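[1] return atomic coordinates for the entry below.
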Amino acid sequence: MPVAQLPLNEIILAAVLAFCRIGACLMLMPGLSSARIPLQVRLYIALACSFAVLPLVLQRIVTVVDAGQPWTLFRLMASEMFVGAVIGILAHIYFWALQFMASTMAVSVGYSGSPADAITESEPQATLATIVTFSALFLFFITDMHLEIFRALLNSYVAIPVDGQFRPDAAMIDFTDALSAAFLATLRIAAPFIVFAILVNFAIGLVNKLTPTIPVYFVSMPFVLGGGLLVVYFILPELLRFFTNETATQLRELF
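    So this is what the prediction gives:
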C-alpha cells in the first residue's frame, strides 16, 4: 500500500517502533553514548535519524502494527529496543576493548600515574589511554564508520523482522564472537607495549641484583618514560590504522 494511503495512526505507531530500534542503537553506539554529550542532544539526534530512516523501512514495519492490541505494541517496542541495543553494543565492543588495552599500554610504559578526566567516558583514566581512545573515536567518524552502523540498522530489518520475536541465543553468539575478535585485535595493539614492559622490567631487575646499593628503580624511571614515549611515537599511528581497519571489518559484518 502506498504511504499516502496508510492510516495516520499506523504511521505514528511505525515511527515509534522505528525510534525504539534506532534510538536504542544510537544511545549505545561509540561517540553518541558518551556522557559528555547532553541527553537532550542525543535524544534529538535519535529522533532525527529515526524520521530519516522511517520512509525506507515503513512498509516492513506497518505490516505488523496493530493499533487495537496495546500489549502487542508493548511487546514489539521491547523487542525493537533489545535489537537496537544489541547492534549498538556490538559496535561499541571494540572501543571498550581498546579502552581496557589502552590502560594496559599506559601501565606498561610508566604513564599510569594520577588519572585525568577522560574525554569520551565519565570515569577518569590515564592520559595515554585518553589520547589513544579519543584518537580512535576521532578516526571512527572521520572515516565514516558511523555510516556502517546505519547500514547495519537498515539491513537488520531484513535479517531481524519486526515481529516481536527477539532471539537472545543468537544475540549471545554475536556477543561472544565480537568479544573474542575485539580482545584479540586489541591485544595485538597492546603487544609491543607489553613486550617493552617485560624487557625493561627484566633489565631493571637484573641491574638491581648486580648493584643492590643503588636505587635503580628511581634512577631508571626517566629512561623508562623516554623509551615509552619513543614506542608511542613510532608505533601508535600504525596501531590506530590497524584498529580502524579491524573495526570497519567488524561493522561491515554485522548484517
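[2] and residue 186, how far is that from residue 157?
    According to CB to CB, to the nearest Å, residue 186 stands 31 Å off from residue 157. The C-beta positions use only the backbone N, C-alpha and C, and glycine is treated the same way.
[3] scan the chain for its longest helix.
    helix 168-210 (DSSP state H).
[4] which one's more surrounded, residue 186 and residue 157?
    Per other CB atoms under 10 Å, whichever of residue 186 and residue 157 has more neighbours is residue 186, with 25 against 19.
[5] any low-confidence regions in the chain?
    Applying pLDDT under 70 to the chain flags the ranges 1-6, 66-68, 113-114, 116, 164, 255.
[6] and the most centrally placed residue in it, how far from residue 75?
    Per CA atoms, centre = their mean, the C-alpha nearest to the average position across the chain is that of residue 92, at 1.8 Å. Note on residue 92: its distance to residue 75, by CB to CB, is 26 Å.
[7] same check, this time on residue 193
    According to CB to CB, residue 193 and residue 75 sit 48 Å apart.
[8] between these two, which has more neighbouring residues?
    Using other CB under 10 Å, the more surrounded residue of residue 193 and residue 75 is residue 193, with 24 against 15.
[9] dump the residue contacts of the more buried one.
    Counting by CB atoms under 8 Å, 6 or more residues apart in numbering, residue 193 touches 104-105, 108-109, 228, 231.
[10] quick one on the thing from earlier: what's the closest non-adjacent residue to the residue nearest to the centre of the chain?
    Once flanking residues are discounted, residue 92 sits nearest to residue 30: 5.3 Å by CB to CB, 6 or more residues apart in numbering.
[11] any idea how many residues pack against that neighbour?
    What residue 30 shows, counting by other CB under 10 Å, is a neighbour count of 24.
[12] now swap in residue 205 and tell me
    Using other CB under 10 Å, the number of residues around residue 205 comes to 12.
[13] equivalent analysis for residue 98, please.
    Residues within reach of residue 98, counting by other CB under 10 Å, total 28.
[14] need phi/psi at it.
    Per-residue torsions, residue 98: phi -70, psi -40 (degrees, to the nearest 10).
[15] residue 134 is in contact with that one, correct?
    No. Under the criterion of CB atoms under 8 Å, residue 98 makes no contact with residue 134, lying 10.7 Å away.
[16] who's in contact with residue 250?
    Taking CB under 8 Å, 6+ apart as the criterion, residue 250 is in contact with 90, 94, 178, 181-182.
[17] how about a cut-off of 7 Å?
    By CB atoms under 7 Å, 6 or more residues apart in numbering, residue 250 lies in contact with 94, 178, 181.
[18] let's verify it: helix, strand, or coil?
    Under DSSP: H, G, I helix; E, B strand; the rest coil, the three-state class of residue 250 is helix.
[19] against the centre of this structure, work out the most remote residue.
    Largest separation from the mean C-alpha position in the chain: residue 213, at 48.6 Å (CA atoms, centre = their mean).
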